[in-house]
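> Got a predicted structure here, sequence first:
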Amino acid sequence: MPAARRGKSMTEAHHFETFMRNYQNMVFSTAFRLVANQAEAEDISQEVFLKAYERYDQLRDSPTVGGWLKTVTTNL
C-alpha cells in the first residue's frame, strides 16, 4: 500500500469501493472492446482501479474522473 494511503479509515475504503462500483462496468466494457477477451479485460480493469486507488484523493471529487478512467484503460 502506498505510504499516502496507510492509516486511512474504513470510511475511505468504503468510499473507494462505492467509487469502483460506480465505474466498474464502464472500465470493463471499454477494456473488453479493446482486447475482446474477458480475462484480459478483467486484468486491465484491476490495473486501472489500482492506479485510481493511488490517486483517489485527487479523483474522488473530479468532474473528469470518467474521462481519466477511460484514458487509463485505453493506455493499458
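It's in. Note that the structure is predicted; figures quoted are calculated from it, not measured. Numbering: from 1, shown residues only.

> Would you mind finding the longest helix in the chain?
Longest helix in the chain, counting residues (DSSP state H): helix 10-35.

> Output the contacting helices and strands for it.
Judged by 3 or more C-beta pairs under 8 Å, 6 or more residues apart in numbering; DSSP states H and E, helix 10-35 is in contact with helix 38-54, helix 56-59, helix 65-75. C-betas here are computed from N, CA, C, even on glycine.

> how far out from the middle of the chain is it?
Averaging C-alpha positions (C-alpha atoms, centre = their mean, to the nearest Å) puts helix 10-35 5 Å from its chain's average.

> what comes up buried for it?
16, 19-20, 23, 27-28, 30-32 (16 or more other C-beta atoms under 10 Å).

> ok, now stretch 61-76?
Buried residues in stretch 61-76, counted by 16+ other C-beta under 10 Å: 65, 68-70, 72-73, 76.

> now stretch 41-58
Within stretch 41-58, the residues that count as buried by 16+ other C-beta under 10 Å are 41, 44-45, 48-49, 51-53, 56.

> tell me which of the residues you listed is nearest to E12?
Taking C-beta to C-beta as the measure, E12 sits nearest to Y56 out of the buried residues of stretch 41-58, at 7.9 Å.

> tell me the pLDDT at that closest one?
On pLDDT, Y56 comes in at 91.

> can you tell me which two in the buried residues of helix 10-35 are farthest apart?
Greatest spatial distance in those: F16 and F32, 22.7 Å, computed using C-beta to C-beta.

> check contacts around the closest residue to A52 other than its chain neighbours.
Nearest residue to A52, sequence neighbours excluded (C-beta to C-beta, 6 or more residues apart in numbering): L59, at 5.9 Å. Contact analysis of L59 by C-beta atoms under 8 Å, 6 or more residues apart in numbering lists 19, 52, 65, 68.

> hmm, back to that, next, the angle from the longest helix of the chain to helix 65-75.
Computed with axes from the mean of the first three to the mean of the last three C-alpha atoms, to 10 degrees, the direction of helix 10-35 lies at 50 degrees from that of helix 65-75.
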